[in-house]
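> Sequence and predicted structure, then a few things I'm wondering about:
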Amino acid sequence: MLNIAVLVSGGGSNLQALIDAKTRGELPRGRLALVVSSKARAYALKRAEAAGIQTAVLRPADYPSSEHYAEALTALLTEAKTDLIVLAGFLVVLPKSFTQRFAGRIINVHPSLIPSFCGPGYYGLRVHQAALDYGVKLTGATVHYVTEVVDGGRIILQKGVEVHPDDTPETLQRRVMEEAEWVILPKAVALLCDKFTNTEGELP
């Protein structure tokens, strides 16, 4: 059983998708072992506590630099014997030292079809507003490996979602979550748990 740590900053809807997938038996080789939030009042912490998952709060403002923050995060993850790190609405850019240390074991879900509407500054409703402003007819979500390049890691899974003529950023965000993010994130986690188990923990 592989230990999964989920890093969050907000409501935790993607965390809930993982919790629900685990309850349904869709993550047989993974255990949701730790949830780390960058914000003390993130609702995701309540979701984790309700599911009996260990939680921790690590605020960037409490550290003098991103490197110091990454060192503290590394200590938490190491103590929890983490095998896979999932960024689920985690609004902290991790330094290269961290992404290299855990290369091939950090994934992120992004609410667009990368390489569209991604990179620095593209998060939350901003992504969906950009999609609407550009006039795309198809958007979606992507699960990808995390590297030092924001949203630049190799793609694992993608799923498209139709854009409706009357969409607002809010309605589009909700549909992308329901039809894409909550579907492909648990699938990607299950795939990697299977991969690590079948290769005796070798990096992908």
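Sure thing, it's come through.

> shouldn't A88 be in contact with Q16?
No - counting by C-beta atoms under 8 Å, Q16 is not a contact partner of A88; they are 9.3 Å apart. Every residue, glycine included, has its C-beta placed from N, CA and C.

> So for these two, which residue has more residues nearby?
A count of neighbours by other C-beta atoms under 10 Å puts A88 above the other of A88 and Q16, at 24 against 18.

> Give me the nearest residue to the more buried one, chain neighbours excluded.
N14 (3.8 Å; C-beta to C-beta, 6 or more residues apart in numbering).

> For that neighbour, give me the pLDDT.
On pLDDT, N14 comes in at 97.

> do D167 as well
97.

> just the CA coordinates of the one helix or strand the residue nearest to A88 maps to, formatted as CSV?
Element membership for N14 (DSSP states H and E) is helix 13-23. Provided in CSV are the C-alpha atoms of helix 13-23 (Å, rounded to 0.1, in the frame of the first residue of the first chain):
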residue,chain,number,x,y,z
SER,A,13,-13.0,19.4,-4.0
ASN,A,14,-10.4,17.4,-5.8
LEU,A,15,-9.3,15.9,-2.4
GLN,A,16,-12.9,14.9,-1.9
ALA,A,17,-12.9,13.2,-5.3
LEU,A,18,-9.9,11.1,-4.1
ILE,A,19,-11.6,10.3,-0.8
ASP,A,20,-14.7,9.2,-2.6
ALA,A,21,-12.7,7.1,-5.1
LYS,A,22,-10.9,5.4,-2.1
THR,A,23,-14.3,4.7,-0.5
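
> Tell me what angle the next helix or strand after it forms with helix 13-23.
Sequence-wise, the next helix or strand downstream of helix 13-23 (DSSP H and E) is strand 30-37. For strand 30-37 against helix 13-23, the angle by axes from the mean of the first three to the mean of the last three C-alpha atoms, to 10 degrees is 160 degrees.

> Counting neighbours, which bits of the helix or strand just after strand 30-37 end up buried?
Later in the chain than strand 30-37, the nearest helix or strand by DSSP H and E is helix 43-50. Neighbour-count burial for helix 43-50 flags 43-45, 47-48 (criterion: 16 or more other C-beta atoms under 10 Å).
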